[in-house]
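**Student:** sequence and predicted structure are below.
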Amino acid sequence: MTILVGRDTKLMTVGLTGKQGTFHTLQCRDYGTNVVGGVTPGKGGITHEGIPVFNTINECIEVTGANAAMVFVPPPFAADSILECIESGIPLIIAITEGIPINDMVKVRSALKASSSILIGPNCPGIITPGECKIGIMPGHIHMPGRVGVISRSGTLTYEAVFQLTQREIGQSTCVGIGGDPVNGTSFIDCLDLFEKDPDTDAVIMIGEIGGNAESDAARWIKKNMTKPVVSFIAGASAPAGKRMGHAGAIISGGDDTAEAKYKVLEECGVTIARSPAELGEKVAEVLK
Amino acid sequence: MNVHEYQAKDLMREAGISVLKGGTAKSGDEAVEVAKKLGGNIWVVKAQIHAGGRGKGGGVKLAKSLEEVKQFGDEIMGMTLITHQTGPEGKVVNTLLVEEGCDIDHEYYVGIVLDRDTSRITMMASREGGVDIEEIAKDSPEKIIKVGIDPAVGYNAYVGRKLGFGIGLKGDTLKKAMKFFEGLYDMYIDRDCSIAEINPLVTTKSGDVIALDAKLNFDDNALYRQPAIEELRDETEESSQELEAGKYGLSYISLDGNIGCLVNGAGLAMGTLDIIKIFGGEPANFLDVGGGATKETVQKAFEIILEDKNVKAILVNIFGGIMKCDIIAEGVVAAAKELKLSVPLVVRLEGTNVNLGKKILEESGLAITPAGDLADAAKKVVAAANGEA
């Protein structure tokens, strides 16, 4: 099984005909993802790279049976597209777009609460179940099917972790990039819960960052609910306070959201800590012994 | 994005939120002219820099005569103000704000921020104003009244009542405060603020409710739809390298060490700084070239890194995803040749088109130290910065 995406996933891309949308949708299809359709308002009726294009998300779902949407829409219009996805009732939405205004995402979060859709991202690399389904911009070839789940706020740092695992011949069940924005759709806890319940996952890597309380909240949740081992790295131990470190959400704004404060809570809650990003693979190998 | 107090107050005034009358000046004499226009017999002369704690640092003075307005204006203009938010190097004061005085009855705190735990815009108020609110939050959080606002419902009068009664207001003052809270919330949304902090908000002996200080920050992601806010940017308050980097889609932050870093992705860039520290080195900067970097932006990144004369070695750490390693390699080679790079360069490439990238570096004939993995890269660049390689 594995979480959220797999062989049964039927993907549609919102913003398919744009340069990025086209490139990455084709990469996903080449990896083996079942791409069934796309949406670009005003271009409905054409076929783009062999993929049927629709004007609205509802229409695309009705005709193709899509059950996951990848959003590749530029920041000014991305929240609108995500809201259209939520309204359509599609079970899974993956928003890759970086730079969506915070207040737009506040509205999206409110709409999500009243729906059963799951939103991954925004500002994320996407989600992959190696060997089955890739939705996003991650390089597929570094992954390998297996039994370790990966959850991360960062894109390239996830690739780094996955690469270290694959080099040690430790495969991954599913890798989820939850995104680097202060308001996102899915939290660490949401994903940890899914991995805990997934019979095909034995251990989890959680890659966090400075800013916010998501990692500390996750640590407390892990202590209470998780039977599988978790290994964690927090990026930004050397970051100065008050500076936005690339990601909109990676900013130290108090005493509780530093890397050190998060490591402390994680350790207290029995999570295995990797203080160096180069140790992630090694630490996972240790907890799997 | 940050703005000055006087700019924040102009925006508030436009939105119908009550602030004191005032005007800006560039010298003691100009300050006197502003004071004369304002009238009255008491004024406040305030340093305009992008940092809090100005009062404690000597940047805010109460003047009881026009002579004092001139004296304080001349003293504060051009001074280097050091506060807990400026860092030890301080900030030079380039603008003064002169405001009418007011008869303070009580100082309160009002703030609006995003609550990341609930993903809602949250309004806060406290009876303990004019002091460091972080301290209050830590020592006596019960003294801060918080109301989260459901974006689907928006602001309703009960929000103002909860805050107003919560900080002990009543009667006419409560009504005025409620108008203030609603106005501030509307402005926060209309202008895409990321922080609105009024500390202190005061009640006066004549029964008014007025913002004495004002701090507004704006969501960088929303500036495309706030052209009037973008125009308020004071480039002298921002690092010139950070601004320059931003123009090329690079995210750059200057740090105190001597190892220059060029990385793709914010998380990996932070992780790279962390591992350099673990191996005993000190990073000179954070630099994320982003996913859409080209040969030109990589060259620009090198230029910006090398503007920092402390840089003794450079580490390029790339994990190619969207970013292809050969593009980075071409940029590295072009930059090294054009800028006649004289500091040691350690390059670690992994991911998309890695072999192509490595080949370009090898064939360039440049003295580049290749690194196998992340730890190897950090070890090598720390040694190089220490003159051991």
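**Tutor:** Thanks, I have it.
**Student:** from here on, just use CA atoms for contacts and neighbour counts.
**Tutor:** Will do.
**Student:** can you show me the CA trace of the strand or helix carrying B:Ala8 as CSV?
**Tutor:** B:Ala8 is located in helix B:5-14, with elements delineated by DSSP states H and E. The C-alpha trace of helix B:5-14 is given here as CSV (Å, rounded to 0.1, in the frame of the first residue of the first chain):
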residue,chain,number,x,y,z
GLU,B,5,7.0,54.4,11.3
TYR,B,6,6.0,57.6,9.5
GLN,B,7,5.1,55.6,6.4
ALA,B,8,3.0,53.2,8.5
LYS,B,9,1.2,56.1,10.1
ASP,B,10,0.5,57.7,6.7
LEU,B,11,-1.1,54.4,5.6
MET,B,12,-3.1,54.2,8.8
ARG,B,13,-4.3,57.8,8.4
GLU,B,14,-5.4,57.0,4.9
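**Student:** which residue ranges form the helices in the stretch 51-200 of chain B?
**Tutor:** Secondary structure of the stretch 51-200 of chain B by DSSP state H, counting those that start in this stretch: the helices cover B:66-76, B:133-139, B:157-166, B:171-190.
**Student:** how about the shortest one: buried residues?
**Tutor:** For helix B:133-139, the buried set under the neighbour-count rule, 16 or more other C-alpha atoms under 10 Å in any protein chain shown, comprises B:Ile133, B:Ile136.
**Student:** nearest residue to the residue nearest the centre of chain A other than its sequence neighbours?
**Tutor:** The centre of chain A sits closest to A:Gly177, judged by C-alpha atoms, centre = their mean, with a distance of 2.5 Å. Excluding its sequence neighbours, the residue lying closest to A:Gly177 (C-alpha to C-alpha, 6 or more residues apart in numbering or on different chains) is A:Ser152, at 4.9 Å.
**Student:** looks like the one you found contacts A:Glu215 (just checking).
**Tutor:** No: proximity of A:Ser152 to A:Glu215 does not meet the contact threshold set by C-alpha atoms under 8 Å, at 10.4 Å.
**Student:** overlap in contacts of these two?
**Tutor:** Taking C-alpha atoms under 8 Å, 6 or more residues apart in numbering or on different chains as the contact rule, A:Ser152 and A:Glu215 both touch A:Phe188, A:Gly208.
**Student:** for B:Ala211, which non-adjacent residue is closest in space?
**Tutor:** B:Leu201 (4.5 Å).
**Student:** given the helix or strand containing that neighbour, what are its sheet partners and their directions?
**Tutor:** Element membership for B:Leu201, per DSSP H and E: strand B:193-204. Using DSSP bridges, the strands paired with strand B:193-204 are strand B:104-115 (antiparallel), strand B:209-211 (antiparallel), strand B:215-218 (antiparallel).
**Student:** give me the contact list for that strand.
**Tutor:** Counting by C-alpha under 8 Å, 6+ apart, residues outside strand B:193-204 touching it are B:102-114, B:129-131, B:173, B:184, B:187-188, B:208-219.
**Student:** what of stretch A:92-99?
**Tutor:** Stretch A:92-99 is contacted from outside by A:4, A:67-75, A:78, A:82, A:85-86, A:117-127, A:135-137, B:221, using C-alpha under 8 Å, 6+ apart.
**Student:** using the three-state scheme, assign the spatially most distant residue from the centre of chain A.
**Tutor:** No residue in chain A sits farther from the centre than A:Gly45, which is 30.8 Å out by C-alpha atoms, centre = their mean. Under DSSP: H, G, I helix; E, B strand; the rest coil, A:Gly45 falls in the coil class.
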